[in-house]
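**Q** The sequence and its predicted three-dimensional model are supplied below.
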Amino acid sequence: MRTERQSELRRWRQHLANERAEAAVYRRLAQRQTGEERDILLAIADAERRHEQHWLKLLGDQVGKPRRADLRTSMLGFLARHFGSVFVLALAQRAEDRSTYETDADATPTMAADERIHLEVVRALATRGRDRLSGTFRAAVFGANDGLVSNLALVMGITATGAPTHTVLVTGLAGLLAGALSMGAGEYVSVTSQRELLEASTPSPAAGTALPQLDVDANELALVYRARGMSADEAISYAAEVLHNLDVSADGRLAGPDADRHEAVGTGVRAGLSSFCFFASGALIPVLPYLLGLQRVSALIVAVILVGIALLATGVIVGLLSGGPPLRRALRQLLIGYGAATVTYLLGLLFGTATG
């Protein structure tokens, strides 16, 4: 019986330590934000403090010495202190998703409900951060990954044919330059085209100036809102309200739902340059051992190891941005990259044998 009591006290003390650490994480994140996001993070920190009080009440005079938070929460606190970015929010989202309060008999239903809501709040905040990172950062991450995989496959394929080291090096550098130029140009065209499509969907600034002259009885404005997806009755009602108040936004555009439905896509030039630079940096890694003077097998082994490390790193970043398990995403990146390179190597061996 005494052992069970000691186990229960340890569990409560651990919950207390974790709640204190999580509250500190949200307060530190709030310090790096302004406006609404800061207020939201502080509100979550206050909720964690309420949970802290619950465990303090259960422990009474058995609180004991302050305990350390578990490893994941401690790591989250370290990252919040030194980074405070969307990556920390993504990790916090996963931490909230792992809450055990629903199955813990000593946690109240309200606490369990709080944690479920916290998960959605943090998910929404992390999504905001991911949206701000889409565009240029997305091009950077995937550009580097493409450079790693494509140039490793190229280098391994050429090496497998029995070509001399100098030929492998020149081929790798040519693949680096050609791939980087292709990626940069493609990303520029993609982002520029997307921005042009968004601009074409933006309501005309001149439309707002026509509101005072509209025929109230005909109410042509309702057609605008019907075209934006509202039902006929909703469009008529909303248009009548707009006409009554002459509700024109400050920049002269028609107010209303979906009038500003734009995605943060970045600029074509920035995305193109970012894609070029990061593809080149990724593609440089497989040829680096050859540039340093290593020969054949030793150069290839070092290249494979270096690319593997880089693939794991990009996989972790992709996992954090997507809110998925970072380790699983890292291993997936590694397997895909090595798989593509292995196939190319085998084809190189086959081609080298056939031409030998």
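**A** Okay, I see it.
**Q** Which helix runs longest in the chain?
**A** For the chain, the helix that runs over the most residues, judged by DSSP state H, is helix 165-201.
**Q** in that one, what's buried?
**A** 165, 168-169, 171-173, 175-176, 179-180, 183-184, 187-188, 190-192, 194-195 (16 or more other C-beta atoms under 10 Å). Heads up, the C-betas are built off the backbone N, CA and C, glycines and all.
**Q** got it, and stretch 145-158?
**A** Across stretch 145-158, burial judged by 16+ other C-beta under 10 Å covers 145-158.
**Q** Sort out which of those are in helices and list them.
**A** Per DSSP H, the subset of the buried residues of stretch 145-158 in helices is 145-158.
**Q** Farthest pair within those residues?
**A** Farthest apart among these by C-beta to C-beta are Asn145 and Ile158. That separation is 20.9 Å.
**Q** rewinding a little: how far is the longest helix of the chain from where the chain is centred?
**A** Relative to its chain's centre, helix 165-201 lies at 22 Å (C-alpha atoms, centre = their mean, to the nearest Å).
**Q** Could you report the neighbour count for Thr327?
**A** I think there's a mix-up here, since residue 327 is Leu and not Thr. 12 (other C-beta atoms under 10 Å).
**Q** scratch that, Tyr345
**A** 22.
**Q** show me the residues around it that make contact.
**A** With contacts defined as C-beta atoms under 8 Å, 6 or more residues apart in numbering, Tyr345 is in contact with 153, 156-157, 159-160.
**Q** Helix or strand: which one has it?
**A** Under the criterion of DSSP states H and E, Tyr345 resides in helix 326-355.
**Q** Next, the buried residues of that helix.
**A** For helix 326-355, by 16+ other C-beta under 10 Å, it's 326, 329-330, 332-334, 337-338, 341, 344-345, 348-349, 352.
**Q** Could you report the distance from the closest residue to Glu22 other than its chain neighbours to Leu312?
**A** Nearest non-adjacent residue to Glu22, counting by C-beta to C-beta, 6 or more residues apart in numbering: Glu48, 4.9 Å away. Between Glu48 and Leu312 the distance is 32 Å, computed by C-beta to C-beta, to the nearest Å.
**Q** more crowded one of the two?
**A** In terms of neighbours (other C-beta under 10 Å), Glu48 is the more surrounded of Glu48 and Leu312; the figures are 21 against 18.
**Q** Now do the contacts for the more buried one.
**A** Glu48 neighbours (C-beta under 8 Å, 6+ apart): 19-20, 22-23, 26.
**Q** ok, now how distant is the residue nearest to Glu22 from Ala163?
**A** Plainly put, Glu48 is 60 Å away from Ala163 if you go by C-beta to C-beta.
**Q** Nearest residue to Arg38 in space, please, no chain neighbours.
**A** Ala30 (4.8 Å).
**Q** Likewise for Trp55?
**A** Sequence neighbours aside, Leu16 is the residue nearest to Trp55 in space, at 4.0 Å (criterion: C-beta to C-beta, 6+ apart).
**Q** Kindly tell me how buried the one you found is, as a neighbour count.
**A** Each residue near Leu16 was counted by other C-beta under 10 Å, and the total is 23.
**Q** what's the spacing between the helix or strand where it lies and its chain's center?
**A** Taking DSSP H and E as the criterion, Leu16 maps to helix 2-31. Its chain's C-alpha centre and that of helix 2-31 lie 28 Å apart, by C-alpha atoms, centre = their mean.
**Q** what's the next secondary structure element after it?
**A** Helix 2-31 is succeeded, C-terminally, by helix 35-59 (DSSP H and E).
**Q** how about the next helix or strand after that next one as CSV, C-alpha atoms only?
**A** In the C-terminal direction, the helix or strand that comes right after helix 35-59 (DSSP H and E) is helix 71-82. C-alpha atoms of helix 71-82 as CSV (Å, rounded to 0.1, in the frame of the first residue of the first chain):
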residue,chain,number,x,y,z
LEU,A,71,12.8,14.9,-21.4
ARG,A,72,10.4,16.0,-24.2
THR,A,73,9.1,19.0,-22.2
SER,A,74,12.6,19.9,-21.1
MET,A,75,13.8,19.9,-24.7
LEU,A,76,10.8,22.0,-25.6
GLY,A,77,11.7,24.5,-23.0
PHE,A,78,15.3,24.6,-24.2
LEU,A,79,14.1,25.3,-27.8
ALA,A,80,11.7,28.0,-26.6
ARG,A,81,14.4,29.8,-24.7
HIS,A,82,16.8,29.8,-27.7
